[in-house]
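**Q** Okay, predicted coordinates and the sequence, questions at the end:
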Amino acid sequence: MTIESLRRPYGARQTAAALMTVGLLLVGACAPSATSGTAAQTPSAQMSTVPPSPDPRIGLRAGWFDAGEAAWNLRLVSNTPPSESFINRSTPGDRRLTNSDLGFVGNYVLQGNYSGYQVWDISNPRKPTLKTAYVCPGSQSDVSVYRNLMFVSGEATSGRLDCGLQGVPDSVSHERLRGIRIFEITDITKPKYVANVQTCRGSHTHTVVADPNDKANVYVYVSGSAPIRSPNELAGCSALPPEEDPNTALFRIEVIRVSLAAPEQAKIVSSPRIFNDLAPPPLHAADDSATRARAAAAAARRRGPTQCHDITVYPAIGLAGGACGGYGLLLDIRDPVNPKRIGAVADSNFSFWHSATFNNDGTKILFTDEWGGGSQPRCRITDKYEWGANAIFTLIDRKMTFKSYYKMPAPQTSSENCVAHNGSLIPVPGRDVMVQGWYQGGISVFDWTDPEHPKEIAFHDRGPLDSTKVGNAGSWSVYWYNGYMFSSEMARGLDIFELVPSGFLSQNEIDAAKTVRFDYLNAQEQPKLDWPPTFVLGRAYLDQLSRSNGLAAEKVSAARDELARAEKLSGRGRREALTRLAARLDTDAQGAADQAKVRTLARAVSDLAAAQR
């Protein structure tokens, strides 16, 4: 399926936004200290639903740790520079020391880096502390965790089995590592390198997949995007087209099975060819005639994608979203060893399908376009809004239907690599809210509950690393984890943010989101969000009904009062008061403008009543 372009010029959107009523904004004109946050917003700014105009992200001062900053409806809690082994003071943004993806376990953040990984203790988010820095070059060192195991991607031809710094000068070498490294992290301060699994294309990214029906093993999907290695280096590797070699390493991913009892025995157990028979995707709607001419000349040689960049699995619904070069794929993963393609979408506005995110109830899926590979400026005022953006689809009966694009809405300079990249859901009950990194476009929080009209509700941005050239900096990925948003800043270290109340998001909604807790988190292994029964959950739903006029104002007010009275009671008295309120809300739902949300509130109050002792 090819999506018709909405053709909204990026610059035109910004011109229109600049004519809006001026909103209040916190702008940090000077960078914070290593572990201090920006000042809190004023009450009037907290209630703002009008984007600030002019947008303060435009024209920020360049710099490394002294760049100008702008924020709206969120607060920078801390910025912690890279540790000594992962910082190049003479060449800020050195590609060899680029920070990459994040994983989480307990009170720790694992931060990948092209030269290894760092582990940060985040018990105090205002002052993270380094627990270990493990130097092991290989790029891009994306990290994931499962119980006491950590997995690290390796793709560079210079990566060594022994993690040495000398590289691998030979074109064929049995000292080279391209695949997955496995560490045992029972003592996270002393990771033990227990195994590796070599693959023909290496591991650009990977995805941990826990099978609910298999408690003895965990699975890892490996996506490789580098050239296929010589069969003299790794037996069975073939770069021939399938008509010449049916066992080619093209058109497939690798599935690794890892025994939890014996991770050193990890091995590839299948190589699903999820790209077979896909037609060449439509050509990108390039912005210059020379690019279009080159693309047309290459058309006769084009095939469908031969690789995936990234796969997000959602085990609770048995589906995965594959961002695979020229396509966004929908996969059935109920049998995790044998994922099957059940849908595919393409778009001439998309250049490189990069990653995917489902909404919590599995009725929508969002794909990102990393046009330019993350190293190019794709958020200039001259760039079309659809380019380097997100594409949002509804997902009904396992079929994807395009609804809209979303792009970080502030134009950036030609010195800032900026394009859609990694993010995650924020567990705001009853809504689809996401935080996402845009490299040097900063981070953007947006609501896509209405898939046809996504809207930015918060942001943070810094000025360019260098005002004279494109540097490697900005948010590689930003994920919500146990109450905070953690961003892997490619050159500047680890950022931690928290939301503040606004006209878009109440304190009750933020507090309800904080009740969702994880023991560990890999964003590409998307967990089902469940909210425990609490009074703040009920208040969050009431705030939403008040904001949307989904229930008459007097009934919202009465429900607030009854909920407050019930909270002051205990035992049987509280349970009975909550049961009466739930019954009344069920009745109120019949005449409400938003009947579904009122019934959701009634169920939340009923569950809270059942939880009382």
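**A** Okay, I see it.
**Q** Check what pLDDT Pro263 gets.
**A** Listed pLDDT for Pro263 reads 98.
**Q** same question, the one 3 residues further on
**A** Ala266 is assigned a predicted lDDT (pLDDT) of 98.
**Q** Excluding chain neighbours, what is closest to the spatially most central residue of the chain?
**A** The C-alpha lying nearest the average C-alpha coordinate of the chain belongs to Gly423 (CA atoms, centre = their mean; 2.0 Å). Using CB to CB, 6 or more residues apart in numbering and skipping residues adjacent in sequence, the residue nearest Gly423 is Gln436, 3.0 Å away. The way it works is simple: take the backbone N, C-alpha and C, and place the C-beta from them, glycine included.
**Q** List the contacts of that neighbour.
**A** Thr368, Asn390, Met408, Ala420, His421, Asn422, Gly423, Ile443, Ser444, Val445, Phe446, Val478 (CB atoms under 8 Å, 6 or more residues apart in numbering).
**Q** Following the host helix or strand of the residue nearest to the centre of the chain in sequence, what is the next regular element?
**A** Secondary structure from DSSP states H and E places Gly423 in strand 423-426. From strand 423-426 onward toward the C-terminus, using DSSP H and E, the following helix or strand is strand 433-437.
**Q** ok, back up a step: walk me through which strands the strand holding Gly423 pairs with, and which way each runs.
**A** strand 433-437 (antiparallel) (DSSP bridges).
**Q** For the partner strand, list the C-alpha coordinates in CSV.
**A** Coordinates of the C-alpha atoms in strand 433-437 are reproduced here as CSV (Å, rounded to 0.1, in the frame of the first residue of the first chain):
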residue,chain,number,x,y,z
VAL,A,433,1.3,9.9,24.7
MET,A,434,4.8,9.3,23.5
VAL,A,435,8.2,10.9,24.1
GLN,A,436,10.7,10.7,21.2
GLY,A,437,14.3,11.7,20.4
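**Q** Now do it: distance to the chain's middle.
**A** 7 Å (CA atoms, centre = their mean, to the nearest Å).
**Q** immediately after it, which helix or strand?
**A** Assigned by DSSP H and E, the successor of strand 433-437 is strand 443-447.
**Q** Which is the succeeding secondary structure element to that following strand?
**A** Defined by DSSP H and E, the subsequent element after strand 443-447 is strand 455-462.
**Q** what helices or strands is the very next helix or strand once past that next one leaning on?
**A** Per DSSP H and E, the first helix or strand lying C-terminal to strand 455-462 is strand 475-481. Packing partners of strand 475-481 (3 or more CB pairs under 8 Å, 6 or more residues apart in numbering; DSSP states H and E): strand 99-105, strand 423-426, strand 433-437, strand 484-489, strand 493-499.
**Q** I'd like to check the angle between the third one and strand 484-489, please.
**A** With axes from the mean of the first three to the mean of the last three CA atoms, to 10 degrees as the basis, strand 433-437 and strand 484-489 are set at 20 degrees to each other.
**Q** Number the chain from 29, please
**A** Sure, I'll start counting at 29 from here, so that last one is strand 461-465.
**Q** what's near enough to touch Val473?
**A** Counting by CB under 8 Å, 6+ apart, Val473 has contacts Asn101, Leu102, Ile454, Val461, Met462, Val463, Gln464, Glu484, Ile485, Ala486, Phe487, Leu527.
**Q** would you list these in a markdown table and tack on distance to Thr496?
**A** Shown next, in a markdown table, are those (distance: CB to CB, whole Å):
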| residue | distance to Thr496 |
| --- | --- |
| Asn101 | 32 |
| Leu102 | 30 |
| Ile454 | 36 |
| Val461 | 37 |
| Met462 | 33 |
| Val463 | 30 |
| Gln464 | 28 |
| Glu484 | 29 |
| Ile485 | 33 |
| Ala486 | 30 |
| Phe487 | 25 |
| Leu527 | 35 |
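**Q** Which single one of those is nearest to Pro219?
**A** Here the nearest of the contacts of Val473 to Pro219, counting by CB to CB, is Val463; it sits at 28.2 Å.
**Q** could you list every residue that touches that closest one?
**A** By CB under 8 Å, 6+ apart, Val463 lies in contact with Gly451, Ser452, Ile454, Ile471, Ser472, Val473, Val506, Tyr507, Trp508, Met513.
**Q** Against Ile538, how distant is the residue lying closest to Leu579 once chain neighbours are set aside?
**A** Nearest non-adjacent residue to Leu579, counting by CB to CB, 6+ apart: Leu573, 4.3 Å away. Distance of Leu573 to Ile538, given as CB to CB, to the nearest Å: 17 Å.
**Q** the more surrounded of those two?
**A** Leu573 (25 against 19; other CB atoms under 10 Å).
**Q** quick one: secondary structure of that one?
**A** helix (DSSP: H, G, I helix; E, B strand; the rest coil).
**Q** Same check on Ser169?
**A** strand.
**Q** Around the closest residue to it other than its chain neighbours, how many other residues sit close by?
**A** Counting by CB to CB, 6+ apart, Gly140 is the residue found nearest to Ser169 once chain neighbours are left out, at 4.0 Å. Gly140 has 26 neighbours, counted by other CB under 10 Å.
**Q** One more: the one 5 residues further on?
**A** For Tyr145, the count of nearby residues is 27 (other CB under 10 Å).
**Q** so it is in which element?
**A** strand 144-149.
**Q** Wait, Gly264 touches Asn275, no?
**A** Yes - counting by CB atoms under 8 Å, Gly264 does reach Asn275; the two are 7.0 Å apart.
**Q** can the helices and strands packed on strand 503-509 go into a markdown table with extra columns for distance to Pro343 and mean pLDDT?
**A** Putting the helices and strands packed on strand 503-509 into a markdown table (distance: least, CB to CB, whole Å; pLDDT from 0 to 100) gives the following:
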| stretch | distance to Pro343 | mean pLDDT |
| --- | --- | --- |
| strand 127-133 | 17 | 98 |
| strand 451-454 | 15 | 98 |
| strand 461-465 | 20 | 98 |
| strand 512-517 | 23 | 98 |
| strand 521-527 | 27 | 98 |
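**Q** Columns distance to Arg204 on top of these, output as TSV?
**A** Formatted as TSV, the helices and strands packed on strand 503-509 follow (distance: least, CB to CB, whole Å):
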stretch	distance to Arg204
strand 127-133	20
strand 451-454	33
strand 461-465	30
strand 512-517	26
strand 521-527	30
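**Q** count of residues packed around Tyr623?
**A** Check again: residue 623 is Gln, not Tyr. Gln623 has 14 nearby residues by other CB under 10 Å.
**Q** can you tell me which residues contact it?
**A** Per CB under 8 Å, 6+ apart, neighbours of Gln623: Ala617.
**Q** Look up how far Gly578 lies from it.
**A** 8 Å.
**Q** Quick check: chain neighbours aside, which residue is closest to Thr214?
**A** Distances taken as CB to CB, 6+ apart place Asn176 nearest to Thr214, at 4.7 Å, with adjacent residues excluded.
**Q** just for the stretch 179-328 of the chain, where's the confidence low?
**A** 313-328 (pLDDT under 70).
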